[in-house]
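Colleague: Predicted model and sequence below, questions to follow.
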Protein chains: 2
Amino acid sequence: MSLDVTATKPHERLAKALSAEMDAVNVMIRDRMSSEHAPRIPEVTAHLIEAGGKRLRPMLTLAAAKLCGYEGPYHVHLATTVEFIHTATLLHDDVVDESEQRRGRPTANLLWDNQSSVLVGDYLFSRSFQIMVETGSIRVLGILADASATIAEGEVLQLTAARDLSTSEDTYLKVIRGKTAALFSAATQVGGVIAGVDEKIENALYAYGDALGIAFQMVDDLLDYGGTEAIGKNIGDDFRERKLSLPLIKAVAKSDAEEMAFWTRAIAKGKQQDEDLQTALDIMRKHGALDAVRDEALAWVEKAKSHLSDLPEHEIRDMLSDLADYVVARIS
Amino acid sequence: MSLDVTATKPHERLAKALSAEMDAVNVMIRDRMSSEHAPRIPEVTAHLIEAGGKRLRPMLTLAAAKLCGYEGPYHVHLATTVEFIHTATLLHDDVVDESEQRRGRPTANLLWDNQSSVLVGDYLFSRSFQIMVETGSIRVLGILADASATIAEGEVLQLTAARDLSTSEDTYLKVIRGKTAALFSAATQVGGVIAGVDEKIENALYAYGDALGIAFQMVDDLLDYGGTEAIGKNIGDDFRERKLSLPLIKAVAKSDAEEMAFWTRAIAKGKQQDEDLQTALDIMRKHGALDAVRDEALAWVEKAKSHLSDLPEHEIRDMLSDLADYVVARIS
């Protein structure tokens, strides 16, 4: 790695290497989010899509297609599809979580209403399947339909596991594999499938995306408790929503009777007081729960990188490796 | 038509003629609504699916396939798909409308929560695409993805047109063509497509479903004001939700200044009083709005039936003709 390469962040370098393709994706996103009859649809979609997300998921599709030597036009369709599915799930998540902020801006359900968020999400989801149909690939449709079902299943599982202190790490893994990793792994996999790669490469792409998505969500869940260091801003959402995320599960597993009484009151019964988040953090630190989550996220990053060795040598492959490191670098 | 044939309702006769296929659809519905990880999903789905809807839409798919001589297995998949898409839209509609009753039972959003309704709807929608993929037909996927987008678009249009007294009959037609007719027409069309019919028959199937769906929704909207006769039970939902349905649009178009002041208060501003529904009905009757809606529904029924002449002669074809008549018979 040369010095000028390390000067920018991995996802920025990826964005630069894929800038022509990303431009085409952005054109297609704007084109396909329109609606002849219902102007509310592009309004709501634009609010979210133009809020400046990193476009990580469509970039994974473009990266996979490029490093597998794809030269056709359909990686742009698939990347658009992936971003639409992601946007649809964000719209529905904000309704489910009753969120008020996303990417530093008021959520669509707050600016318009829950109705618009539900229905525009449905529209984008349908649109994504329309775009997939244009690729003519039943295999790609199958992979992304499976991913969509797994996402919804993970979200429902998270909903029913909320407030339940007996939630296991195994259940947590199922939840995040659904709600986050399923779209990462489908994004990388379809990039290879459209390029016609063999099974070994397809499996490696899937496994990289899966491990990357799991690491990504573990880090997100850690950051919701301020990471391993000082308390940052805007933390504690998961605590207030009484989600059984990994830091909480690991702390609960080591808690004594007094600490369990605290979790029962604050999480199971939801009777929260102002100082509870600090108490929760104290218990987590005491049992090393936050460090344990970071270690686990790091292990998934290593797993992600290990699968890259099955892929063709390519500058994009190196960037995907750096991207995996960067996902965990957010916490230190 | 012989006497013993007229003794049962057309949709019951259709159900009888298609009973083996409908049994297979019910088995597939139960099989595919399951979830390995999230038991909440089949609970919510079963609540709605086993509430005893008439299964009209999947029956249309089976009927179309049978009258076109289809002998493969995939009409069952497509009928299941159509019912899943319908169920997903019902779950989301109840959240959007904040409904408390559906098919005479409490809605899922009331029994569980809005979150479950949104996410289980998403799951069923994804599941429906997974089942379509099994048919291996990209054409069928395209038709149902288009229909799904049109449904969501119609719902958003209805949302933005609510409370707006300047809503035109043209906009109303777009709304119901989306929210209702799109799935009827796709249901009949894919039954033919899977049977490999020629374009003329495919178009006739589409046009029959389209006109039937429009008539069906017009009748529903009329029944929400008690039909053309005496006031029934449970009417006035659309009025309370301030939806610009056809009876209201037709009454507004003929209203004088005093009546417009009433509509402005009750619909545009939403300041409703107990006696307002009766006043609304009085104004509608005065201007013949309810009769005019019935006449229009009847015209769409005739249109639906006219397209049947392009289809092969078959006892199922006669049942589809009777079914169209029955849709309007509900109001008199």
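Modeller: Yep, it's here. Numbers count the residues shown, from 1 in each chain, chains lettered A, B, ... in the order given.

Colleague: pLDDT at A:Ile331, what is it?
Modeller: With respect to pLDDT, A:Ile331 has a value of 74.

Colleague: A:Asp4 too?
Modeller: Value for A:Asp4, per-residue pLDDT: 48.

Colleague: quick one: low-confidence parts of the stretch 51-200 of chain A?
Modeller: When residues are selected by pLDDT under 70, those of the stretch 51-200 of chain A lie in A:52, A:103.

Colleague: Residues of it that sit close to chain B?
Modeller: Contact residues (CB under 8 Å from any CB of the partner chain) of the stretch 51-200 of chain A with chain B: A:89, A:92, A:95-96, A:114-116, A:118-120, A:122-123, A:125-127, A:129-130, A:132-133, A:136, A:138, A:141-142, A:145-146, A:148-149, A:151-157, A:159-160, A:174, A:178. Every residue, glycine included, has its C-beta placed from N, CA and C.

Colleague: Just the buried subset of those, please.
Modeller: With burial judged by 16 or more other CB atoms under 10 Å in any protein chain shown, the buried subset of those is A:89, A:92, A:95-96, A:114-116, A:118-120, A:122-123, A:125-127, A:129-130, A:132-133, A:138, A:141-142, A:145-146, A:148-149, A:151-157, A:159-160, A:174, A:178.

Colleague: Which ones among these lie within helices?
Modeller: Mapping these onto helices (DSSP state H) picks out A:89, A:92, A:95-96, A:114-116, A:118-120, A:122-123, A:125-127, A:129-130, A:132-133, A:138, A:141-142, A:145-146, A:148-149, A:151-157, A:159-160, A:174.

Colleague: now the strand or helix carrying A:Ala65, how far from the centre of its chain.
Modeller: Using DSSP states H and E, A:Ala65 falls within helix A:56-67. Centroid displacement of helix A:56-67 relative to its chain, using CA atoms, centre = their mean, to the nearest Å, is 15 Å.

Colleague: hang on, A:Ala38 packs against B:Gln158?
Modeller: No: if you go by CB atoms under 8 Å, A:Ala38 and B:Gln158 don't touch, sitting 9.0 Å apart.

Colleague: Give me the common contacts of the two.
Modeller: When CB atoms under 8 Å, 6 or more residues apart in numbering or on different chains defines a contact, no residue borders A:Ala38 and B:Gln158 alike.

Colleague: In terms of secondary structure, what does the helix holding A:Ala65 contact?
Modeller: helix A:10-17, helix A:19-32, helix A:74-97, helix A:182-194, helix A:199-223, helix A:315-329 (3 or more CB pairs under 8 Å, 6 or more residues apart in numbering or on different chains; DSSP states H and E).

Colleague: So what angle separates the directions of the last one and helix A:182-194?
Modeller: Pointing back at helix A:315-329 there. Using axes from the mean of the first three to the mean of the last three CA atoms, to 10 degrees, the inter-axis angle of helix A:315-329 relative to helix A:182-194 is 180 degrees.

Colleague: Restrict helix A:315-329 to CA atoms and write it as CSV.
Modeller: Extracted in CSV, the C-alpha atoms of helix A:315-329 (Å, rounded to 0.1, in the frame of the first residue of the first chain):
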residue,chain,number,x,y,z
GLU,A,315,-6.8,-3.9,-7.2
ILE,A,316,-10.5,-4.0,-6.3
ARG,A,317,-9.8,-7.1,-4.3
ASP,A,318,-7.2,-5.2,-2.2
MET,A,319,-9.7,-2.4,-1.7
LEU,A,320,-12.3,-4.9,-0.4
SER,A,321,-9.7,-6.2,2.0
ASP,A,322,-9.0,-2.7,3.2
LEU,A,323,-12.8,-2.0,3.4
ALA,A,324,-13.2,-4.9,5.8
ASP,A,325,-10.5,-3.5,8.1
TYR,A,326,-12.1,-0.1,7.9
VAL,A,327,-15.5,-1.4,9.1
VAL,A,328,-13.9,-2.1,12.5
ALA,A,329,-11.6,0.9,12.4
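
Colleague: elements contacting it?
Modeller: By 3+ CB pairs under 8 Å, 6+ apart, helix A:315-329 packs against helix A:10-17, helix A:56-67, helix A:199-223, helix A:289-307.

Colleague: Residues contacting the next helix or strand after the third one, please?
Modeller: Past helix A:199-223, further along toward the C-terminus, the next helix or strand under DSSP H and E is helix A:237-240. Helix A:237-240 is touched from outside by A:Asp221, A:Asp224, A:Tyr225, A:Ser245, A:Leu248, A:Ala266, A:Ile267, A:Gln272, A:Asp276, A:Leu277, A:Ala280, with contacts defined as CB under 8 Å, 6+ apart.

Colleague: Try it again at 6 Å.
Modeller: A:Asp224, A:Ser245, A:Leu277, A:Ala280 (CB atoms under 6 Å, 6 or more residues apart in numbering or on different chains).

Colleague: Which one (most neighbours) among those?
Modeller: Within the contacts of helix A:237-240, neighbour counts (other CB atoms under 10 Å in any protein chain shown) peak at A:Ser245, which reaches 25 neighbours.

Colleague: Spatially nearest residue to that residue, not counting backbone neighbours?
Modeller: Excluding the flanking residues, the one nearest A:Ser245 by CB to CB, 6 or more residues apart in numbering or on different chains is A:Asp221, at 4.0 Å.
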